[in-house]
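> no sequence on this one, just coordinates:
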Ligand SMILES: Cc1ncc(C[n+]2csc(CCOP(=O)(O)OP(=O)(O)O)c2C)c(N)n1
Ligand SMILES: Cc1ncc(C[n+]2csc(CCOP(=O)(O)OP(=O)(O)O)c2C)c(N)n1
Ligand SMILES: [Mg+2]
Ligand SMILES: [Mg+2]
């Protein structure tokens, strides 16, 4: 289990690093929100999940998608906008989804995933299954009305959903102190659900806390809330690599980076194991990058494919009627 | 003070009863949400306020508007859609407003007034005044995202706003148990503001609690939350008088009505005082009804007057251009 | 033949679909008691797992339905007031509507949003009287505005069975409409297929929702002078452009009557397409709410802001008389 | 004359208004640091009481601004993403917009909502690339889409000084536009007054926002065959119908290019009014996003969904050639 946790974290770390290179080289258009520094959270939580459990993710979603078991190769193809991507190049970084693994998508709107996950949890209960749903979000999302409303629905209807707040201290440039009155866990607790804080740089601690919450949910005990503290090592978004926005001191960043979750978990592995895993991951990513860059771009003729699940086609931009009667 | 509280409550009670008659006689179109049973809340809270303090109200707003000092005569003219009404007949029951008394309006959308009041409180602080703002809302509103978001803003910025939740046990037909996980006060407390529950059928108790919160706000101590419990004696809305919707048992309604806030407060008055006040109020309402019914309807030619504060006029429904260049 | 009211038709459609398909469930405020008379009896029949009385958390329950739909259910949501759709605009237009394309077709979101009593219900004033169907058509959410009991039944059925998000507006002015209906013939009505309620040769009147009845009255009133064809699009998006073209290319004259704001409304879209693609003999007209309309409370004012029959009548006469 | 960029013009307008009028304050996400380069320097100058970094609570801070405006302030709100306006649609369309009428003129709500970077910013995909100006025009909120640095400055000033709610979209495609400007001549630009960027006799092209530059390019490209007049409405609501009529009545031919969804968009409204009220010699055309468009991520797809110059060029040629 310790090795698996480390492997997932290493995969995320290297995936992000390679992705950042591809942003800089122009292969990934629009940039990304790097997850580096928060890997233990996705890895720990998803280690407590089954393939048929559901997650919803955020703008900073790569870690969740990978940890939940999506293919890094097709994920990187998605980020580079290729036809072979998870979403056939339609979603990109902020909307990467993989329904075959219960991944209901990254989401471009902060706080939007909570209600979606809760609805999926409800469907699971109605179906008679013991599947659970997890919604990941940041500390910024706990000020978003729809998420607070959702806490109430989940608690009221005792649904098997786990809310995971990744508190990295910032919502873009806004600090927790500037953004959050009271406390994060108090918000969830106010609705009568168990709410605890764990060290989000310790994958084991996260996994243990998540496993408990998931077990409670599977047993019909209702929702739980997990606040995981961590530090975002890199920029809010890769545009910061070019723009000069200063909202964290160098000292703060250095201190934050000094506790690397990969080292925390790596230290738990037997002698030599870390290097073996690192090499494995390196190979995966080399393949992923090559596959992505070799993959074809989507055909512009199909730009609006899948706009409607029913195949309805509206008029295009110059007014041709297609498909309506 | 006891007499004043009773007077306000009696005014509200009789205003509502006369208004219901006017609904039944067709003079008030669209019906109303009667406030009967909750009078001690509006009376008690507004007794702690000054004329220059601000309130925002709800769909069930008559009590607040009257208690804050609006003229019952012009208020009734508003409900009957007359040109002499507070809003010149443009607002009606659900939008009655009187900015001369700091009444920023009843509101047709549940939970919408909280952020408006909080913004007004902010403006007061920036102005250097010690004015406060009060937002009234029901138990249904504590599940509304925008209001929960507002609790955070008010607490974060320590604004002089008092949130008054009138818990009458129902949001239309939905019971508290069906609607509220956890507790109402816990929601406010989670954001770090003082939150207490008082008996909303006891005007004195409400006034005392409100006075404390208002003093805190004026002194720069930030927002407070007051949950006031009461029972709605009448229908959610007067359409219930015709429709057959059953969601409360006769026993429950009888029990709820057995503690009448007017009797609670009336019992505190010296011998004979109650009858004197009742007679005064009767005269006011006789005048109000007569005034309303004698007042002219607004001129349809001005149907869109005030659509824009700047006087801009768009096109009418048959396409005439007015005022645009 | 039986007498069927529009409201009863909605009720029946929902009841029939719930009985037919286990995956259909309904959420909304006060739907257990059924204050809007559409969900009447469903709680007793199907229980609280399929008929869910929600707290006043429109945003959360709208996206909750999205999540449930992604997981295989077919939720139907009742909204008590048209303006509640403003409150959930992000959840519908930016989430539910976009899932299919953004996921490259991995996901579908079969949710039906319906508003029993859209538009003005006299005396409900500014925040309860909107008719925001044009907003949904603009963003591309399927938008249905049935005008008759049969279409209320048939389009509600179609909406629920559709694999995409669908908004159905039941205008307040339509709820009381009754018709003699052959119950056995009730069934799904396809999207994007309009209906000619009355044939005519001189002027095409496109009427939306409850204004179909107004248009039929006006057509009857003018029948000795002008032969009016009354076209009811039934679904605003997708729109039956071919059906409209057949009518307009015949009459060469077009008037639209639409109870929504003039600017960027469905009336404008219809005129635009006619101007682009159809054989208009004379300039078209529309009768709508004014630009930026907010319905004032007082009855006289409320009525003055809605499209009036006499305005429609005048518009038809003017279009008939005009020439280039 | 000095070189002024569109982004700098926005920055300057806000800075000037804040310096001029104490009651102006600005709220939004990350505006202290100024991630969008519009609020740069304002926090240091005016302090956190006038430059308010907000939590991610768009609904609350939008209505908070309404309350502050009712109490006498003039808040300006920066929205990081166009779709955040969906999230606050109730707060703007149903609250701020309606206060004046519903209170019988007791209240005014002078709030400015602005989006620096609306429309597609390549690679931001489905939820960050909308251009929802038509929605606001439909409900009747004053809607501004400046296309040049001078107009960005002037319309932002006007918006802030206006006593009603105003939405200003600054298209991503315009932010980098630069112009030589006489700084002393900068000043408020009135609402409802369009601008003819290039005179022409054969075809009127109405272009919105960043597409003004595209239209000018196309006009130049076609200049030896077709004389194209480029009309920039600058404000979509109120719209300069008289100005447009002057142009269309001269050319008799109309093409609209508009980066929003086709159905019920501003393009349709313009065509409709032209068909109703102006002397069109031939059927008009519009080049828009498709119906119900969601911008796909991949660059090729994103571009394919936006109106293209070659489409505009073809449309102008076709309209020029066509006859009744
Ligand atoms: C509702 C909403 N508001 C604003 C934004 C713009 N935005 C994107 S990410 C972000 C900060 C989010 O902070 P947090 O939730 O703490 O997540 P983190 O970025 O730290 O992972 C903001 C403001 C958005 N996408 N959605
Ligand atoms: C956001 C919103 N949702 C739903 C409605 C319809 N509605 C009007 S009043 C009401 C119940 C409100 O309950 P509560 O807040 O407890 O106030 P009460 O009616 O008990 O005074 C509902 C559902 C509305 N007006 N606004
Ligand atoms: Mg964060
Ligand atoms: Mg209540």
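Great, that's in hand. Keep in mind the model is a prediction, meaning the values are calculated, not measured. Ligands and ions are numbered 1, 2, ... in the order given.

> can you pull out the helices in the stretch 51-200 of chain A?
With helices called from DSSP state H, counting those that start in this stretch, the stretch 51-200 of chain A shows them at A:62-67, A:72-79, A:113-127, A:145-156, A:176-179, A:184-189.

> can you tell which of the ones you listed is closest to ligand 2?
Nearest to ligand 2 among the helices of the stretch 51-200 of chain A is helix A:145-156 (10.7 Å), distances taken as CB to the nearest ligand atom. Bear in mind the C-beta positions are built from the backbone N, C-alpha and C, glycine included.

> pLDDT on the top helix by length along chain C, on average?
As assigned by DSSP state H, the longest helix anywhere in chain C is helix C:6-20. Helix C:6-20 carries an average pLDDT of 98.

> do stretch C:119-131 as well
On average, stretch C:119-131 scores 95.

> pLDDT weak spots in the chain?
Unless you meant another one, I'm taking chain A. Low-confidence segments of chain A, defined by pLDDT under 70: A:321-325.

> that's the other chain; I wanted chain C
Residue ranges of chain C with pLDDT under 70: C:323-324.

> for the closest residue to residue A:245 other than its chain neighbours, pull up the helix or strand it's in.
In space, and not counting its chain neighbours, residue A:245 is closest to residue D:33: 5.1 Å by CB to CB, 6 or more residues apart in numbering or on different chains. Assigned by DSSP states H and E, residue D:33 belongs to no helix or strand.

> thought residue A:175 was touching residue D:33, still the case?
No. The criterion here is CB atoms under 8 Å, and residue D:33 misses it with residue A:175 at 11.3 Å.

> comparing these two, which shows the higher neighbour count?
Applying other CB atoms under 10 Å in any protein chain shown to residue D:33 and residue A:175 shows that residue D:33 carries more neighbours, namely 18 against 14.

> dump the residue contacts of the more buried one.
Residues near residue D:33 by CB atoms under 8 Å, 6 or more residues apart in numbering or on different chains: A:173, A:245-247.

> how about the contacts made by the residue of chain A found nearest chain D?
Nearest to chain D in chain A, going by CB to the nearest CB, is residue A:30, at a distance of 2.0 Å. By CB under 8 Å, 6+ apart, the contact list for residue A:30 reads A:92-93, D:121-125, D:297.

> residue C:181 contacts residue C:149, correct?
Yes. Using CB under 8 Å, residue C:181 is in contact with residue C:149, at 6.0 Å.

> give the residues shared as contacts by the two.
In contact with both residue C:181 and residue C:149: C:4, C:9, using CB under 8 Å, 6+ apart.

> who's more crowded, those two?
Ranked by neighbour count (other CB under 10 Å), residue C:181 and residue C:149 place residue C:149 first, with 24 against 18.

> show me where the stretch 101-250 of chain C has its helices.
Per DSSP H, counting those that start in this stretch, the stretch 101-250 of chain C carries helices over the ranges C:133-139, C:149-161, C:211-221, C:241-251.

> now for the second one, which elements pack on it?
The reference is to helix C:149-161. With contacts taken as 3 or more CB pairs under 8 Å, 6 or more residues apart in numbering or on different chains; DSSP states H and E, helix C:149-161 sits against strand C:2-5, helix C:6-20, strand C:74-78, strand C:112-118, strand C:142-144, strand C:166-171, strand C:178-181.

> looking at the ones you listed, which is nearest to chain B?
strand C:112-118 (11.5 Å).

> direction included, what does the closest one pair against?
In the sheet, strand C:112-118 lines up against strand C:74-78 (parallel), strand C:166-171 (parallel) (DSSP bridges).

> can you redo these as TSV with distance to residue D:8 and mean neighbour count?
Below are the strands paired with strand C:112-118 laid out as TSV (distance: least, CB to CB, whole Å; neighbours: other CB atoms under 10 Å in any protein chain shown):
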stretch	distance to residue D:8	mean neighbour count
strand C:74-78	46	26
strand C:166-171	42	28
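
> and the residue nearest to residue A:245, what are its phi and psi?
phi -70, psi -30 (degrees, to the nearest 10).

> how near is residue A:52 to residue B:240?
Here residue A:52 is placed at a distance of 46 Å from residue B:240 (CB to CB, to the nearest Å).

> you'd agree residue A:315 is up against residue D:267?
No. Using CB under 8 Å, residue A:315 is not in contact with residue D:267; the gap is 11.6 Å.

> of the two, which one has the most company?
Neighbours per residue, other CB under 10 Å: of residue A:315 and residue D:267, the larger number sits with residue D:267, 33 against 21.

> give me the element the more buried one is part of.
Using DSSP H and E, residue D:267 sits within helix D:266-277.

> ok, now residue A:207?
Counting by DSSP H and E, residue A:207 is found in helix A:203-218.

> the stretch 1-150 of chain A: strands as residue ranges?
Applying DSSP state E, counting those that start in this stretch to the stretch 1-150 of chain A gives strands spanning A:54-56, A:133-138.

> who are the packing partners of whichever helix or strand comes after the longest helix of chain C?
As assigned by DSSP H and E, the chain's next helix or strand after helix C:6-20 is strand C:24-28. The contact analysis (3+ CB pairs under 8 Å, 6+ apart) places strand C:24-28 against helix C:6-20, strand C:51-53, helix C:58-70, strand C:74-78.
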